[in-house]
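Peer 1: sequence isn't available, so here's the structure alone:
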C-alpha cells in the first residue's frame with residue numbers, strides 16, 4: 001500500500017489565526033443576558049416543571065378520567081356501565097341493581113359527580129314510575145280497602161325515592177356546578193317534590209349552558225310541562241316525542257309517550273309505543289299493565 005503525502009502549503013496560503021478579542025465585561029454580560037442568566041432560566045424551568053408534575057399527581061383522578069385511564073383496573077367504569085345497563089331496563093328490580101352499582105362506583109371515586117347524577121336519576125325515574133302506578137290506582141272511583149293500602153304504600157315509597165333523588169342531585173351540582181346532566185336531574189327532583197318554578201329554572205339553566213340538549217332533557221321537560229298544566233299529559237306531546245326521537249332505546253321515554261298519546265286519545269299510536277317496549281322487554285310490568293288497559 002502506498003501512502004500519499006501532501007506538500008505543505010506555502011505560508012501565504014495558510015489560514016490566519018484569529019486575533020484575540022476581548023470584550024468589555026459590561027458589554028459581554030449585556031449580550032449574554034446578564035451574569036448567571038442561563039442558570040437562572042434553567043432553575044425557573046425546573047421549578048415550573050416540578051409544579052406541573054405535582055399538579056398532575058394531585059389531580060390524577062380527574063386527569064386519568066379525562067384521558068380514559070382507570071387506576072382501579074377498570075372497576076369504576078365497569079360499575080358505571082353495569083348500572084347504566086340496569087337503569088335502561090326500567091323496572092323496580094333493575095333500578096335497585098343500578099343504584100347498587102352506582103354506589104360502588106361512588107365508593108371508588110367519591111369526588112366524581114357522575115355516580116351521584118346516576119343515583120339521583122335512577123331514584124327520580126323510580127319515583128315517577130311509582131307515581132304513575134299510584135295515580136292509576138287512584139283513578140278507580142271505588143277503590144277496595146286493599147287498593148287503598150297499596151296507594152298509601154306507593155305514596156310512602158315514592159316520597160322516599162324523591163328525597164334520595166334530591167339529596168344526590170344537590171350533591172352532584174356541588175361537585176360539578178356547570179354539569180348540565182346534574183342540572184337536569186336536579187330539575188326532575190324539584191319537579192317531583194312540587195317545586196315547579198325552581199325546576200323550570202334549573203332546566204332553563206341547563207339549556208343555556210349547552211346548545212345541544214343533554215341526556216334526559218326532553219323527558220324531564222315533558223313531565224314538567226304536564227305538571228305545570230295540572231297533570232295534563234296531553235300538553236307534553238312535543239317534548240315527549242322529542243324524547244323518543246332523541247333516544248329510541250329509552251324505555252322510560254316510550255312509556256311516557258304512550259301515556260301522553262293515551263291522554264290525547266291516540267290509542268293506536270300509544271299501542272305502537274307499548275309494543276315497541278314489549279318487543280325489547282316482554283315482561284316489563286308497566287308496559288304489560290298499559291297494554292292490558294288498552
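Peer 2: Looks like it came in fine. Predicted model, so just to flag it, every value in this text is computed and none were measured.

Peer 1: poorly predicted segments of the protein, please.
Peer 2: 1-41, 43-45, 47-73 (pLDDT under 70).

Peer 1: tell me the domain ranges of it?
Peer 2: With automatic domain parsing as the criterion, the domains of the chain are listed as 73-215, 217-294.

Peer 1: and the longest helix belonging to the chain, how far out from the chain's middle?
Peer 2: Longest helix in the chain by number of residues, with DSSP state H as the criterion: helix 145-175. Its chain's C-alpha centre and that of helix 145-175 lie 22 Å apart, by CA atoms, centre = their mean, to the nearest Å.

Peer 1: neighbouring contacts of the helix or strand that that helix is followed by?
Peer 2: As assigned by DSSP states H and E, the chain's next helix or strand after helix 145-175 is helix 180-192. For helix 180-192, the surrounding residues in contact (CB atoms under 8 Å, 6 or more residues apart in numbering) are 113, 116-117, 120-121, 124, 127-128, 131, 162, 165-166, 169-170, 172-173, 175-176, 196, 198-200, 202-203, 205-206, 209-210, 214-217, 220, 223-224, 227. Where C-beta positions appear, they are placed from N, C-alpha and C, glycine not excepted.

Peer 1: of those residues, grab the buried ones for ChimeraX.
Peer 2: The buried residues among the contacts of helix 180-192 can be selected in ChimeraX (16 or more other CB atoms under 10 Å) with this line:
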select :113,116,117,120,121,124,127,128,131,162,165,166,169,170,172,173,175,176,199,200,202,203,206,214,215,216,217,220,223,224,227
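
Peer 1: picking that back up, helices and strands around the longest helix of the chain, which ones?
Peer 2: helix 113-138, helix 180-192 (3 or more CB pairs under 8 Å, 6 or more residues apart in numbering; DSSP states H and E).

Peer 1: pick the most buried one from these.
Peer 2: helix 180-192 (a mean of 27; mean count of other CB atoms under 10 Å).

Peer 1: past that helix, which element shows up next along the chain?
Peer 2: Helices and strands here follow DSSP H and E; after helix 180-192, the next one along the chain is helix 196-209.
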